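Sequence and computational prediction follow.
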Amino acid sequence: MAFENKSDAFLSLVETHKGILYKVSHAYCRDPEDRKDLVQEIILQLWRSFDRYDNRFQHSTWIYRIALNVAISFYRKETTRKTISNPITENIVQRMDEADKGETETGIRFLHQCIAELKELDKALMLLYLEGKSHKEIAEIIGITETNTATKISRIKTLLKQRFSQTNL
């Protein structure tokens, strides 16, 4: 596919892989406006690093790596800001989030809630795992070893199973 310029190539790449941006932003932000801000920040960082793209990796691997790094930084900043300036209880936020989504599947809602409560790296691992990425792909994206990836995912799955067993789901 030939592009007339760098901008066209970049826009085509973002359009092709926009699902990654939405998945990552949804995993790290509850508020729709925060999700929009995060997507914009990810796109900005992708643009800034577009000239340094390494052809040894798939575009999706490169996008996931940047998106997750930006999301983790964004999440930390937003968590700190909201704790200081907007002390809303978790139950209120959760009820608003459930109403916005209109999800009917209680188990899926609970899974999303459990994943949202994970540490940033663990959340990224589960996002990629649920996306169907192999341990090798996840390791490349996150920047850890394949063995470490498998171990962490196994531990997270065990933790999630325990959480589910403690409920009536």
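Everything's here; your move.

CA atoms for contacts and neighbours, from now on please.
Noted.

how about the residue nearest the centre of the chain, what does it touch?
Most central in the chain under Cα atoms, centre = their mean is residue 24, positioned 2.7 Å from the mean C-alpha point. Residue 24 makes contact with 67-68, 71, 127 under the criterion Cα atoms under 8 Å, 6 or more residues apart in numbering.

Could you check how far it is from residue 43?
The gap separating residue 24 from residue 43 is 12 Å, by Cα to Cα, to the nearest Å.

Toward the C-terminus, what is the element adjacent to the helix or strand bottoming out on mean pLDDT in the chain?
Each helix and strand of the chain was given a mean pLDDT (mean pLDDT, DSSP states H and E); the minimum falls on helix 90-101 at a mean of 47. Using DSSP states H and E, the helix or strand that follows helix 90-101 in sequence is helix 106-116.

Now do the helices in this structure.
Secondary structure of the chain (DSSP state H): helices at 6-16, 18-28, 32-49, 59-85, 90-101, 106-116, 120-130, 135-142, 146-165.

which of those has the lowest average pLDDT?
Mean pLDDT per stretch puts helix 90-101 lowest among the helices of the chain, at a mean of 47.

Name all residues that make contact with the closest residue in space to residue 145 that isn't next to it in sequence.
Excluding the flanking residues, the one nearest residue 145 by Cα to Cα, 6 or more residues apart in numbering is residue 139, at 5.5 Å. For residue 139, the contacting residues are 145-146, 149, by Cα under 8 Å, 6+ apart.

What of residue 59?
Counted by Cα under 8 Å, 6+ apart, residue 59 has contacts residue 13.

how much space is there between it and residue 36?
Taking Cα to Cα as the measure, residue 59 falls 22 Å from residue 36.

same thing with residue 72?
Relative to residue 36, and taking Cα to Cα, residue 72 is found at 15 Å.

same deal with residue 63?
Plainly put, residue 63 is 17 Å away from residue 36 if you go by Cα to Cα.

And those two? Which one has more around it.
residue 63 (24 against 16; other Cα atoms under 10 Å).

how's the chain carved up into domains?
As assigned by automatic domain parsing, the chain contains the domains 1-87, 88-169.

So what's the gap between the last one and the chain middle?
Domain 88-169 has its C-alpha centroid displaced from the chain centroid by 10 Å (Cα atoms, centre = their mean, to the nearest Å).

Thank you, goodbye.
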